[in-house]
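Visitor: I'd like to go over a predicted model; first the sequence, then the structure.
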Amino acid sequence: MVMTSGIAASGIPQRAAQPRGTGVLTIGYEATTVGRVVEALADAGADHLLDVRAVPQSRKPGLSKRLLAGSLAAAGIGYTHLRGLGTPKAGRDAVRHGDVDAMRRIYATHLQTPEAQADLAQAIAVAAGRRACLLCFERDHARCHRDIVARLICEVTGATVAHLQPKLP
């Protein structure tokens with residue numbers, strides 16, 4: 001399922017159909033499997049995954065960096081890990097405790113670092129030439145920093161963002 005969001009001049013969130021082959025995608029793998037993630041990416045026409053986890057390891061089978069990259073390659077989808085766009089530990093802890101506003105403040109400060117700026121420039125370059133998707137753990141994009149990154153990319157590229165929801169097992 002693909003959900004597209006934007007904000008109308010009235011400030012009211014809008015949802016519209018996302019043309020295949022355009023825009024920036026995001027996906028969270030919480031409560032699903034690597035197979036369902038790859039399936040959602042293929043169904044949405046993604047050709048490159050930008051892993052924006054600070055720590056690209058997972059207790060979920062197949063979702064750690066090397067295994068995920070291999071599954072994506074088998075499906076014809078590229079992979080890039082951008083550690084500099086991951087959320088610092090304090091931000092991850094804030095989300096775990098339900099304080100999304102604190103995570104956003106922590107992440108805004110983190111985005112000013114040279115590593116984050118370099119990786120953001122790389123994400124913009126990849127997204128400008130491909131149907132790229134940002135990956136992190138949180139299923140709900142509104143509770144995840146990938147939504148912030150996607151919006152920054154869209155500000156530069158003029159693209160729209162669509163949030164993928166992989167099927168639950």
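Guide: Structure's in. What do you need?
Visitor: Residue 150 and residue 26 touch, don't they?
Guide: Yes - in this structure, residue 150 is within contact of residue 26 by CB atoms under 8 Å, at 5.1 Å. C-beta here means a position set from N, CA and C on the backbone, and glycine is covered the same way.
Visitor: neighbour-wise, which of the two wins?
Guide: residue 150 (29 against 24; other CB atoms under 10 Å).
Visitor: Please pull up the helix or strand immediately following the host helix or strand of the more buried one.
Guide: Secondary structure assignment for residue 150, by DSSP states H and E: helix 145-157. Remark: after helix 145-157, the chain's next helix or strand is strand 161-164, criterion DSSP H and E.
Visitor: model confidence over that next one, on average?
Guide: Strand 161-164 shows a mean pLDDT of 96.
Visitor: Can you name the element that comes right after the helix or strand bottoming out on mean pLDDT in the chain?
Guide: None of the helices or strands of the chain scores lower by mean pLDDT, DSSP states H and E than strand 13-14, at a mean of 32. Remark: after strand 13-14, the chain's next helix or strand is strand 24-28, criterion DSSP H and E.
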